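# Provided below are the primary sequence and the corresponding predicted coordinates.
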Amino acid sequence: MSEMTFEKMIRQMTPAIYASLKQAVELRKWPDGRRLSEAQLELCLEAVLKYEVEHEVPEASRVGYLERAGCASQQDGEDEIKWVN
């Protein structure tokens, strides 16, 4: 009997399982409504992140993605300041 490693499980994970785990992490609940324990949350998050890397999910679709917009203070033009007494 072969041993299933975490990495092998990630490689064999289906998109449906990935979506279910991702939703569980987002809601902190299983599909049946039970809350994830801290250990389950950590394990699911690790699986989701590894799946995204292994299956080359686009960066903008990954968990925790933040768009890198320019700093507001570096925009062209000057901001108008209105003094209020």
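Happy to help now that I have it.

# ok, longest helix in the chain?
Ranked by residue count, the top helix of the chain under DSSP state H comes out as helix 38-54.

# Now do the residue nearest in space to the middle of the chain against K8, distance only.
Nearest to the mean C-alpha position of the chain, counting by Cα atoms, centre = their mean, stands V63 at 1.4 Å. The spacing between V63 and K8, counted by Cβ to Cβ, to the nearest Å, is 21 Å. Every C-beta, even on glycine, is put in place using the N, C-alpha and C of the backbone.

# sorry, back to before: is it true that the residue nearest to the centre of the chain touches L45?
Yes - using Cβ atoms under 8 Å, V63 is in contact with L45, at 7.2 Å.

# which residues do those two both contact?
Residues touching both V63 and L45 (Cβ atoms under 8 Å, 6 or more residues apart in numbering): V25.

# The residue nearest to the centre of the chain and G33, how far apart?
Distance of V63 to G33, computed by Cβ to Cβ: 21 Å.

# List the buried residues in stretch 38-50.
For stretch 38-50, burial by neighbour count (16 or more other Cβ atoms under 10 Å) applies to 44-45, 47-50.

# Would you mind writing the CA trace of it as CSV?
Coordinates of each C-alpha in stretch 38-50 appear next as CSV, following Å, rounded to 0.1, in the frame of the first residue of the first chain:
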residue,chain,number,x,y,z
GLU,A,38,-7.4,26.4,14.1
ALA,A,39,-5.5,23.3,13.1
GLN,A,40,-8.0,22.6,10.2
LEU,A,41,-7.8,26.2,9.1
GLU,A,42,-4.0,26.1,8.9
LEU,A,43,-4.0,22.8,7.1
CYS,A,44,-6.6,23.9,4.6
LEU,A,45,-4.9,27.2,4.0
GLU,A,46,-1.6,25.4,3.4
ALA,A,47,-3.3,23.0,0.9
VAL,A,48,-4.9,25.9,-0.9
LEU,A,49,-1.7,27.9,-1.2
LYS,A,50,0.3,24.9,-2.4
